[in-house]
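S.K.: A predicted structure for the sequence below; I have some questions about it.
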Amino acid sequence: MTLRQAAPLIQINGIVKSYQGLLANDNVDLTLIPGEIHALIGENGAGKSTLVKIINGVIPPDAGQILWCGKPVEINHPSIARDLGISMVFQQFALFETLSVVENVALGLAGRTNLVELAEQIADVSNYYGLPVDPYRRLLSMSAGERQRIEIIRCLLQKPILLIMDEPTSVLSPSASEKLFAALEKLSGEGCSILYISHKLEEVRRFCHTATVLRSGKVVGRCRPGEESSASLARMMVGKGLPVCEHGSAMEGGPVLLRLEGVSLASPKTHAVDLRDIHLEVRAGEIVGVAGVVGNGQAELMSVISGEQLLTDKRCVQMCGRQVGKCSPRERRKLGFGYVPEQRLGRAAVAQMTLSENAMLTMLRPPPSGRFLIKFPTVHRFTRDCIEQFDVRCAGVNTKADTLSGGNLQKYIVGREVLQAPKILLLAYPTQGLDMGAASFIRQQLHELREQGAAVLIFSEEIEELMEVADRIAVLAKGRLSPAKRVQESNLVEIGLWMSGEWTASQSRHTVSGSPYVCPA
């Protein structure tokens, strides 16, 4: 029996959902059959996450009907979805950092669980699907990509009939994404239906059998992605051609605003990476990209730059001519430092706080206040500017952060930092979870910030993106940083080789005043 001939597993008819007058789903229809890998694509804020949360019983629809195996059902709680055989991997992780993998998985399963037996099941399932994890490893030492793997395994343990995945590769390396695709194809071959949300149109074209396209909450197209181009899929999503990012040229000879001099750090965390004699300069009016596979010291290096990890020698990190190796994150922000961390909720934004409240948390220049009270109109005005200029789809300044889709929250976080015109801006994976149009817009904003004289440092695994947006590019591998080369003088082959740590010792060691020095932790 072919996919076309099979009876539907689930049918979504006329689903409607609104939030405070904002229509997220407008009469949406969707059908999946057994073994089908069905893509749900659209711009950030098109209504994708809302629809899958309705299917999973997280939120109720205002109108519409769901048929499961031809029979009407009311999925008004995740437990009902789980009993039907529906599992979902969310964009935002529901994991506890202080617990181990097996303890986190146990919290997501119904009933009492024998942890020893569960650990064996985790090892078996993860190895069977090519996504191995250590059941007893604690989350504190794990990257976002490794945490995504835990969420996937937790769903697989429930032996789903329908697996929903919301942007599963946004925090995965290319090699980890390939392993995930192989696992999902195996699931599909076993008869599991997969509803797959992604903004990476090339993986949708290669991997998904069918696709439904949403725009502004409505279904605007259905297709077979393999028969389309990425450009045609993008046009269906946005209704027009994509914006073109104009790179421009870096400022020549600007002052060094961010300098790392011989940074070495023996990480106290198990499974973490030690930093070894890192040197880097970022000048006013330039964008420097740092490529590398996650887990090679990115988190450790960003924590040193942001001030979350202090050093005993203040000379190791310099901002705007000041030695800040011992300075707190707040002191660095007062110098004009902005930061977009990898983890949106918990690191970049507080889930239960409004967008206005979140804006106040990182303001480089606090809003004017009276003797005791903050002038909230100033804060609201800044937040509205951020929402409007960065096209954040939400109900307004009092929207709570955790009600936004992942892509809209990312646009808000980047916008909040950019609009403060920082002198130095550090970004971790700035376009993760963004559609092609929004990603292009963000890159253009970073170029404009560079033209204003800011020093911009971007960490990313997307080499093509770094080649497009950066003026110079370096590679972090095994806790060591390569030389930073002009993008025009480098190429994908060389960068790929450097990502394995292949560059000469003489290239990787720079001197300061004739002699490098090491900053102990």
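M.R.: Received it, and whenever you're ready, just let me know what you need.
S.K.: Tell me which residue lies nearest the centroid of this protein.
M.R.: Gln432 (3.9 Å; Cα atoms, centre = their mean).
S.K.: For the stretch 251-400 of the chain, give me the ranges with low pLDDT.
M.R.: Within the stretch 251-400 of the chain, the stretches with pLDDT under 70 are 268-271, 364-373.
S.K.: Likewise for the chain?
M.R.: 1-5, 240-247, 268-271, 364-373, 502-521.
S.K.: Show me the domain layout of this protein.
M.R.: Per the record, the chain has its domains at 10-238, 256-508, by automatic domain parsing.
S.K.: Reformat the ones you listed as TSV; add distance to Ala250.
M.R.: For every residue, glycine as well, the C-beta is placed using N, CA and C. Shown next, in TSV, are the domains of the chain (distance: least, Cβ to Cβ, whole Å):
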stretch	distance to Ala250
domain 10-238	27
domain 256-508	4
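S.K.: coming back round to it: so what's the residue nearest to the centre of the chain up against?
M.R.: Contacts here follow Cβ atoms under 8 Å, 6 or more residues apart in numbering; on that basis Gln432 touches Ser170, Val171, Glu342, Gln410.
S.K.: of all the domains of the chain, which lies closest to Gly248?
M.R.: For those, proximity to Gly248 was assessed by Cβ to Cβ; domain 256-508 is nearest, at 5.6 Å.
S.K.: tell me what the helix or strand hosting Gly262 is packed against?
M.R.: Gly262 is part of strand 256-265, with elements assigned from DSSP states H and E. Identification of packing neighbours for strand 256-265 by 3 or more Cβ pairs under 8 Å, 6 or more residues apart in numbering; DSSP states H and E yields strand 275-283, helix 298-306, strand 317-319, strand 455-459.
S.K.: in that strand, what counts as buried?
M.R.: For strand 256-265, burial by neighbour count (16 or more other Cβ atoms under 10 Å) applies to Leu257, Leu258, Arg259, Leu260, Glu261, Gly262, Val263, Ser264, Leu265.
S.K.: same check, this time on stretch 300-312
M.R.: Counting neighbours by 16+ other Cβ under 10 Å, stretch 300-312 gives Glu300, Leu301, Met302, Ser303, Val304, Ile305, Ser306, Gly307, Gln309, Leu310, Leu311 as buried.
S.K.: ok, for the fourth one, nearest residue in space, not its chain neighbours?
M.R.: Using Cβ to Cβ, 6 or more residues apart in numbering and skipping residues adjacent in sequence, the residue nearest Ser303 is Gln309, 4.0 Å away.
S.K.: Could you verify my assumption that the one you found touches Met302?
M.R.: No. In this structure, Gln309 is not within contact of Met302 by Cβ atoms under 8 Å, at 9.0 Å.
S.K.: Need the contact partners of stretch 488-500.
M.R.: Stretch 488-500 has contacts (Cβ under 8 Å, 6+ apart) with Ala291, Gly292, Val293, Ile463, Glu464, Met467, Ile473, Val475, Ala477, Ser482, Trp503.
S.K.: Spit out the contact partners of the third one.
M.R.: What it means is Val293. Contacts for Val293 were tallied using Cβ under 8 Å, 6+ apart; they are Ser173, Ser175, Glu461, Ala477, Met499.
S.K.: ok, 7 Å please
M.R.: Residues in contact with Val293, defined by Cβ atoms under 7 Å, 6 or more residues apart in numbering, are Ser173, Glu461, Met499.
S.K.: hang on, Glu120 in a strand?
M.R.: No. Counting by DSSP: H, G, I helix; E, B strand; the rest coil, Glu120 is located in no strand; its state is helix.
S.K.: Leu233 sits in which helix or strand?
M.R.: Using DSSP H and E, Leu233 sits within helix 230-238.
S.K.: For that helix, buried residues please.
M.R.: Residues of helix 230-238 classed as buried under the neighbour-count rule (16+ other Cβ under 10 Å) are Leu233, Ala234, Arg235, Met236, Met237, Val238.
S.K.: Same question for stretch 28-37.
M.R.: For stretch 28-37, the neighbour count (16+ other Cβ under 10 Å) marks Val28, Leu30, Thr31, Leu32, Ile33, Pro34, Gly35, Glu36, Ile37 as buried.
S.K.: where do the helices sit along the stretch 1-150 of the chain?
M.R.: Secondary structure of the stretch 1-150 of the chain by DSSP state H, counting those that start in this stretch: the helices cover 48-55, 78-84, 101-107, 115-128, 144-156.
S.K.: Off-centre distance for the fourth one?
M.R.: Distance of helix 115-128 from the chain centroid (Cα atoms, centre = their mean, to the nearest Å) equals 27 Å.
S.K.: Number the residues from 34 up from this point.
M.R.: All set: I'll call the first residue 34, so the last point we hit is now helix 148-161.
S.K.: other SSEs contacting it?
M.R.: helix 134-140, helix 177-189 (3 or more Cβ pairs under 7 Å, 6 or more residues apart in numbering; DSSP states H and E).
S.K.: and if we set it to 10 Å?
M.R.: helix 134-140, helix 177-189, helix 207-222 (3 or more Cβ pairs under 10 Å, 6 or more residues apart in numbering; DSSP states H and E).
S.K.: on that earlier part again, looking at the domains of the chain, which is nearest to Ser282?
M.R.: domain 289-541 (8.0 Å).
S.K.: Relative to the whole chain's centre, how far out is that closest one?
M.R.: Its chain's average C-alpha position is 13 Å from that of domain 289-541, according to Cα atoms, centre = their mean.
S.K.: that older thread, and the angle from the strand holding Gly295 to strand 488-492?
M.R.: 40 degrees (axes from the mean of the first three to the mean of the last three Cα atoms, to 10 degrees).
S.K.: so of the helices of the stretch 34-183 of the chain, which one's packed in deepest?
M.R.: helix 81-88 (a mean of 25; mean count of other Cβ atoms under 10 Å).
S.K.: Extract the CA atoms of that one and return them as PDB.
M.R.: Included here for helix 81-88 are C-alpha records, laid out as PDB according to Å, rounded to 0.1, in the frame of the first residue of the first chain:
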ATOM      1  CA  LYS A  81       2.700  26.300  13.300                       C
ATOM      2  CA  SER A  82       3.600  25.900  17.000                       C
ATOM      3  CA  THR A  83       0.000  26.800  18.000                       C
ATOM      4  CA  LEU A  84      -1.400  24.000  15.800                       C
ATOM      5  CA  VAL A  85       0.900  21.300  17.000                       C
ATOM      6  CA  LYS A  86       0.200  22.300  20.700                       C
ATOM      7  CA  ILE A  87      -3.500  21.900  20.000                       C
ATOM      8  CA  ILE A  88      -2.800  18.400  18.500                       C
END
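S.K.: For stretch 352-360, which residues meet the burial criterion?
M.R.: For stretch 352-360, by 16+ other Cβ under 10 Å, it's Met352, Cys353, Val357, Gly358, Cys360.
S.K.: what's that stretch in contact with?
M.R.: In this structure, residues lying in contact with stretch 352-360 by Cβ atoms under 10 Å, 6 or more residues apart in numbering are 288-294, 296, 315, 317, 337-338, 340, 342-351, 364-370, 456-457, 488, 552.
S.K.: I'm done for today, thanks for sticking with me.
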